[in-house]
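# Provided below for reference: sequence and predicted model.
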Protein chains: 2
Amino acid sequence: MDIDIQLIEQSKIDSVDFNNLTFGRTFTDHMLVCNFADGKWQTPQIKPYGPMLFEPSARVFHYGQAVFEGMKAFKDDNDDVFLFRPDENFNRINKSAERLAMPHVPEDVFTEGLKKLLEIENDWIKKGFGNSLYIRPFIIATEGAIAASPAEEYQFIIICSPAQSYYAGEVRVIFAEKYSRSADGGVGYAKAAGNYAAQFYPTSLAHKQGYQQIIWTDASTHQYLEEAGTMNIFFRIGDKLVTAPNNDRILDGVTRKSIIQLANDNNIEIEVRRVSVSEIKEAARLGELKEIFGSGTAAVINPIKGFKHQDYVFELPELTNSYASLFKEKLLNIQYNKSEDKHNWRVKI
Amino acid sequence: MDIDIQLIEQSKIDSVDFNNLTFGRTFTDHMLVCNFADGKWQTPQIKPYGPMLFEPSARVFHYGQAVFEGMKAFKDDNDDVFLFRPDENFNRINKSAERLAMPHVPEDVFTEGLKKLLEIENDWIKKGFGNSLYIRPFIIATEGAIAASPAEEYQFIIICSPAQSYYAGEVRVIFAEKYSRSADGGVGYAKAAGNYAAQFYPTSLAHKQGYQQIIWTDASTHQYLEEAGTMNIFFRIGDKLVTAPNNDRILDGVTRKSIIQLANDNNIEIEVRRVSVSEIKEAARLGELKEIFGSGTAAVINPIKGFKHQDYVFELPELTNSYASLFKEKLLNIQYNKSEDKHNWRVKI
Ligand SMILES: Cc1ncc(COP(=O)(O)O)c(C=O)c1O
Ligand SMILES: Cc1ncc(COP(=O)(O)O)c(C=O)c1O
């Protein structure tokens, strides 16, 4: 595959303090841009990261045709660079694109393009547990036309942002009772931009009550726990894990499916089934609810300290041998090439 | 209020064929841009319409913080220019913004800014029934930061596009059975960009079956008819009109509320209440369903020729004295200053 490459003259890497990174605010020197026009994807370009020109009438601004992915590159002690299950992200961006009536990104543009970009940005990928390069591929509708129908022109872009190990602080959650994230028959299973903005206002109301995040429930009854804003959710009742099944409201998380596999590999009982609010409250009351944790690419595993539902408030116990830390360690060891990788999740660049 | 004004050197108006306009593809010479930064709205600018620079990490591309409005300016035979209920659009864009955790646009920026822009673009507003200038105010999150939380920087932009009378062709609709537009507790009542992209794929499936649009039903049961992609929907059963009530899934349309008022003014019986699919099918079977029409700023009133639900297909009768044409005429007469305007809907610029 051809790629037009235009390199920067002077890297800005020396101006970056890699020990003080705020998530998602520092970008590497280059980005990949590939245009879709005249019914096909054009030659991808790698060029200096920077502001780009868009029509103010670009459909993405008006009709929200925008999907994205989130992945990470890891460097091991031998300076080898790895991705984690990138085929999952490639498949998912196209599933998302399809639901928003956008064209699929070709595999070579995604895979070869990303590989080339990572080779160029190699110095931005820092060694050491927790350090990574966060990768953000996205597709947006760029055609300038304010009519509510799918665009004829798009851009596929990959930008990269160096990240340290992500600590979200202590996270307590509210179980949603009124607001919702997505509908049956809607776009909740897609990584569609509009799904995120929809959560900000209810989340800001949770903040005011001292809670950092919301665990969304099904919009029809608010009786079943689904997922958080950017994480899938696991509950540990006794020694058993439970997590909601995928449906058209839930993002099919790569971390989630890896945890399900690791649980099976490690003989940890896991049930993938509907999880009701009342069951979790009951388990809490009986002292059987041991852990709640979220899973996602950014934080890997995020333990949850407590939850609130209506007037009921619960603090999770402090555990020494938590599943959260077990899975986090196992995942990081695979990602940083420190352990065996029997499912071939690691892909060397 | 201060506005920085930078005029174009040479208008492109002479290159525009005003008798052959495609909706939303031709833009006037200028646009209004107002930045939100450091916690406040800065001085608005009116400047040449054209591509603008955006960070590829701008949150609008990733998290969908984007809301918009649609309104029209009309010119009467004396060259006076009018807006139709612009206060409704002003209030609604801020209701939308609030739901997406975006800052409110100040009234003077919206109102004075638009007025000034329309004065400058006066030649683009053509006389004659059906001609108008379509106005698209919108707010987008421009801050470059890929973290799923509300932005700190926004732009409020107004672009304008000359329009002829909008004929959507013959419209037949499918009543939604599987896909949905919005959830209870979601953002359906906001004019949020993401709501539109979510409809494109299901609508493309309808196209394949020979139907142009979908009438969305409630996501929980698919038993109640709500609205179409960019129109509210009215049903005429016998001589009575029915339309769905506003709720958090439905856009509170300006045209819809004007029709409800006009129906009352003209002693046409109208019920604002839940409308079930089974009721409409039953009325169709009994020969009592006389009309279905959509209402919205772009098309004003759009008569619907037929509908499909599951295996049931129905063609609406041809009427000579339809409510659709009655309301369309009454609305256009008010908009073009050809009739009395007892509710003060017309606002002279
Ligand atoms: C809504 C939502 N749920 C869950 C996840 C976790 O998915 P993954 O493990 O693939 O990062 C994400 C993405 O990060 C998300 O945006
Ligand atoms: C979803 C939706 N419903 C209804 C309408 C009609 O609203 P209005 O009459 O204010 O144009 C619109 C906008 O045009 C819309 O986008």
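Noted; the coordinates are in hand. Not measured: the values here are computed from a predicted model. Ligands and ions are numbered 1, 2, ... in the order given.
# What count of nearby residues applies to A:Asp79?
Taking other C-beta atoms under 10 Å in any protein chain shown as the neighbour definition, A:Asp79 ends up with a count of 9. Backbone N, C-alpha and C define where each C-beta goes, glycine included.
# Same check on A:Val173?
As a burial measure, the neighbour count of A:Val173 was computed by other C-beta under 10 Å and equals 25.
# so it sits right up against A:Ile214, yeah?
Yes - when contacts are counted by C-beta atoms under 8 Å, A:Val173 is listed as touching A:Ile214 (6.3 Å).
# what do the two both touch?
Taking C-beta atoms under 8 Å, 6 or more residues apart in numbering or on different chains as the contact rule, the neighbours common to A:Val173 and A:Ile214 are A:206, A:228.
# for ligand 1, what are the nearby residues on the stretch 151-300 of chain A?
For the stretch 151-300 of chain A, the residues in contact with ligand 1 (C-beta under 6 Å from any ligand atom) are A:191, A:227, A:230-232, A:251, A:253-256, A:295-297.
# again, 8 Å this time
For the stretch 151-300 of chain A, the residues in contact with ligand 1 (C-beta under 8 Å from any ligand atom) are A:181, A:188, A:191, A:195-196, A:227-232, A:250-258, A:294-298.
# residues contacting the residue of chain A found nearest ligand 2?
Across chain A, the shortest distance to ligand 2 (C-beta to the nearest ligand atom) belongs to A:Ala148, at 7.2 Å. The neighbours of A:Ala148, taking C-beta under 8 Å, 6+ apart as the test, are A:62-63, B:196, B:199, B:229-230.
# In chain A, which helix is the longest?
Counting by DSSP state H, the longest helix found in chain A is helix A:193-208.
# Is A:Glu329 in a helix, a strand, or coil?
At A:Glu329, secondary structure determined by DSSP: H, G, I helix; E, B strand; the rest coil is helix.
# Mind giving me the PyMOL command for buried ones among the residues of the stretch 151-300 of chain A next to ligand 1?
In PyMOL, selecting the buried portion of these, with burial taken from 16 or more other C-beta atoms under 10 Å in any protein chain shown, looks like this:
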select buried, chain A and resi 181+188+191+195+196+227+228+229+230+231+232+250+251+252+253+254+255+256+257+258+294+295+296+297+298
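# which ones among the residues of the stretch 151-300 of chain A next to ligand 1 are found in helices?
Among these, the ones falling in helices (DSSP H) are A:195-196, A:254-258.
# nearest to A:Arg25, of these?
Within those, distances to A:Arg25 taken as C-beta to C-beta reach their minimum at A:Tyr196, with 16.9 Å.
# The closest one and chain B: what is the separation?
Separation of A:Tyr196 from chain B (C-beta to the nearest C-beta, to the nearest Å) stands at 4 Å.
# ok, that residue - contacts?
Residues in contact with A:Tyr196, defined by C-beta under 8 Å, 6+ apart, are A:229-230, B:62-64, B:148.
# Same list, those residues, but as TSV with pLDDT please.
As requested, these are exported to TSV (pLDDT from 0 to 100):
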residue	pLDDT
A:Gly229	92
A:Thr230	94
B:His62	98
B:Tyr63	98
B:Gly64	98
B:Ala148	95
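# Ligand 1: which of those is nearest?
Checking the contacts of A:Tyr196 against ligand 1 by C-beta to the nearest ligand atom gives A:Thr230 as the nearest, at 4.1 Å.
# For the closest one, list the residues it contacts.
A:196, A:296, A:298, B:148.
# Dig out what the second one forms beta bridges with.
What it means is A:Gly296. Each beta-bridge partner of A:Gly296 is listed here: A:Val300, as defined by DSSP bridges.
# Please look at it and A:Asn302 and confirm they touch.
Yes - contact status for A:Gly296 versus A:Asn302: in contact at 7.3 Å, counting by C-beta under 8 Å.
# shared neighbours of those two, which are they?
Here A:Gly296 and A:Asn302 share the contacting residues A:Met231, scored by C-beta under 8 Å, 6+ apart.
# interface residues of chain A facing ligand 2?
Going by C-beta under 8 Å from any ligand atom, the residues of chain A near ligand 2 are A:Ala148.
# Now do the domain split for chain A, please.
Per the record's domain assignment (automatic domain parsing), chain A is made up of the domains A:4-163, A:172-335.
# Any chance of these in CSV with distance to B:Phe36 as columns?
Below are those laid out as CSV (distance: least, C-beta to C-beta, whole Å):
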stretch, distance to B:Phe36
domain A:4-163, 15
domain A:172-335, 15
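# Of these, which is nearest B:Asp239?
Shortest separation from B:Asp239 across the domains of chain A is recorded for domain A:4-163, at 32.3 Å, computed as C-beta to C-beta.
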